[in-house]
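Peer 1: Okay, predicted coordinates and the sequence, questions at the end:
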Amino acid sequence: MNIFSVLAIFLAAATANGYSGLPHPLALASSFSLIYHELDNINLGNCSLANATLPLNATKYPLPEPCRNLTLKHVALGRGTQNYTCPLDASSNPQSTIKPEATGAVATLFDASCIVSASESLLHQVPGIISTTPLGSLAFMAALVAQGTRSTNLIVGEHYFDAASDPVFDLSLTGSNSWIVSTKKASVPAPYSTSESGDDVPWLKLGYKKGQNIQEVYRVVTSLGNPPSTCAGQNSTILVPYAAEYWFYG
């Protein structure tokens, strides 16, 4: 079975039995326990990124292209939360027009290099599915696939913001000691291709501040993550689920 077939089963499981999203975690676990037995011939650790194409033309105004001296090192799927805060007085005021303030994000990064090497169009469907999937269910799926394919780990790193409010990507689980503290270089609105609500966070190009083996990061094919329009009736801390593709160049 090839990786396209595995993801096809994944997508089928996501819409089975009348669910609009992924099934309950126990049903999801059952689905992947069946897939596990089909995976012996796949090795997700040996997938070339030579022909992968960053989807810059999907937005009305494309992000700047990667610097010419850089090559694509990793592609990951990020699943986590975009984080916001509201003043207490605004949260308790049903008429408040104050907007939530962004305070960063956290996400688990899953290896997507083999998916993009097999089918870019299939990869681009995944953020819209996993943006509402419980993270524990995704981690369980990754563990099953990694064990069944003799891959070391499909969870390759984490994304968070440091004390200086800079976005950090730590890919140390890839075994390459790759990491970057980045800074925003460009932003364009998402093309509303992954959710009907238009609540997808912008696509970004991030540049280098400090790090190792990574010089640029692109956040593309985002799903969800935008905050409520105002703080009225919201908690002082708002965690909004999201998913995105992250492309790493070095």
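Peer 2: Nice, I can see it.
Peer 1: Dead centre of this structure: give me the residue that sits there.
Peer 2: Nearest to the mean C-alpha position of the chain, by Cα atoms, centre = their mean, lies residue 78 at 2.2 Å.
Peer 1: check contacts around that one.
Peer 2: Applying Cβ atoms under 8 Å, 6 or more residues apart in numbering to residue 78 gives the contacts 107-110, 159, 219, 242-246. All C-beta atoms are positioned from the backbone trio N, CA, C, and that covers glycine.
Peer 1: and the residues you listed, which of them are in strands?
Peer 2: Using DSSP state E, the subset of the contacts of residue 78 located in strands is 107-110, 159, 219, 242-246.
Peer 1: need those residues in TSV with pLDDT, neighbour count and distance to residue 234, can you?
Peer 2: Compiled in TSV, the ones in strands among the contacts of residue 78 are given as follows (pLDDT from 0 to 100; neighbours: other Cβ atoms under 10 Å; distance: Cβ to Cβ, whole Å):
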residue	pLDDT	neighbour count	distance to residue 234
107	95	24	21
108	92	18	25
109	92	24	28
110	89	24	29
159	97	24	24
219	98	28	24
242	96	26	17
243	94	27	22
244	97	30	23
245	97	25	28
246	98	24	28
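Peer 1: Output stretch 61-79 as PDB, restricted to C-alpha atoms.
Peer 2: Only the C-alpha atoms of stretch 61-79 are listed here, as PDB (Å, rounded to 0.1, in the frame of the first residue of the first chain):
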ATOM      1  CA  TYR A  61      -1.500  38.200  -3.700                       C
ATOM      2  CA  PRO A  62       1.300  35.600  -3.500                       C
ATOM      3  CA  LEU A  63       3.800  35.500  -0.800                       C
ATOM      4  CA  PRO A  64       7.500  36.200  -1.800                       C
ATOM      5  CA  GLU A  65       9.300  33.200  -3.100                       C
ATOM      6  CA  PRO A  66      12.000  31.500  -1.000                       C
ATOM      7  CA  CYS A  67      15.500  32.800  -1.500                       C
ATOM      8  CA  ARG A  68      17.200  31.200  -4.400                       C
ATOM      9  CA  ASN A  69      20.200  29.800  -2.400                       C
ATOM     10  CA  LEU A  70      17.800  27.800  -0.100                       C
ATOM     11  CA  THR A  71      16.400  24.300  -0.500                       C
ATOM     12  CA  LEU A  72      13.300  22.700   1.000                       C
ATOM     13  CA  LYS A  73      14.300  20.800   4.100                       C
ATOM     14  CA  HIS A  74      11.100  19.700   5.800                       C
ATOM     15  CA  VAL A  75       7.300  19.800   5.300                       C
ATOM     16  CA  ALA A  76       5.200  19.500   8.400                       C
ATOM     17  CA  LEU A  77       1.500  19.600   9.400                       C
ATOM     18  CA  GLY A  78       1.000  21.800  12.400                       C
ATOM     19  CA  ARG A  79      -2.000  21.300  14.700                       C
END
